[in-house]
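Chemist: Sharing a model prediction with you, sequence too.
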Amino acid sequence: MTTPILRARVRADILSKADRILRELGYPEPPLRLEDVRELLKLDRSFFTGETDGLLKTAFSRLKRAGKQLLKRPTLLGEAIKKFDLRALYLPDQKRILIDDSIP
Amino acid sequence: MMLGDDEWTPTASVHDKMEVEANFAGGALLFLGDRFITDCKDCAPSIATVQILKKRYGNTLTTTLWRMGFECRFFR
């Protein structure tokens, strides 16, 4: 039985998909946590298995994943604000800037 | 067809191709793409380096050595 050899095009395709996953994980430090990879795939599998990943598709996928995470844990946004000590938030679509009361 | 196979059961050749693709993808993920190659090039070629990178990437000695030898062309 001979082991099949991958063609260059297939290798390139697989590498681009792996790079897509690593990019969306923020190019993490080794060792890679497979739990994070599984969570990411659960949130939007079609983006990571699709053929192309243009700017618009990437942006849409990020919004979709963020939305799903917020639905799962509604307190996530509050925790992020607390953790990063955010004092101001710019909402471009509503043309508003929200500022914490503690800032003069 | 073997007993228990249905129309969705892959043939042996398709199964082998899928295995190879899965192994390749697994390697690309676990060794963080080009990151491992960069780390290899930053280190001197030795067994100690293999052991350090094995620990760093959390993979086996065999897969780390294989990757260094064939993907990084480490041992010329």
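Modeler: That came through fine.

Chemist: Close to chain A: what parts of chain B are there?
Modeler: Contacts of chain B with chain A, taken as C-beta under 8 Å from any C-beta of the partner chain, map to B:13, B:16-17, B:20-21, B:24-25, B:28-30, B:32-33, B:35-36, B:56-59. In this view, the C-beta of every residue, glycine as well, is placed from N, C-alpha and C.

Chemist: Tell me the helices and strands packed up against the helix or strand hosting A:Arg62.
Modeler: According to DSSP states H and E, A:Arg62 maps onto helix A:55-72. If you count contacts as 3 or more C-beta pairs under 8 Å, 6 or more residues apart in numbering or on different chains; DSSP states H and E, helix A:55-72 packs onto helix A:34-43, helix A:45-49, helix A:76-84.

Chemist: Would you mind listing the buried residues in the first one?
Modeler: I take that to be helix A:34-43. Neighbour-count burial for helix A:34-43, counted by 16 or more other C-beta atoms under 10 Å in any protein chain shown, picks out A:37, A:40, A:43.

Chemist: List the residues that contact the first one.
Modeler: The contact partners of A:Val37, taken as C-beta atoms under 8 Å, 6 or more residues apart in numbering or on different chains, are A:21, A:25, B:29.

Chemist: can we see that at 7 Å?
Modeler: Contacts of A:Val37 were listed using C-beta atoms under 7 Å, 6 or more residues apart in numbering or on different chains, and they are A:21, B:29.

Chemist: Out of the residues of chain B next to chain A, list just those in strands.
Modeler: Judged by DSSP state E, strands contain none of the residues of chain B next to chain A.

Chemist: List only buried entries from these.
Modeler: Buried members of the residues of chain B next to chain A, scored by 16+ other C-beta under 10 Å, are B:17, B:21, B:24-25, B:28-30, B:32-33, B:35-36, B:57, B:59.
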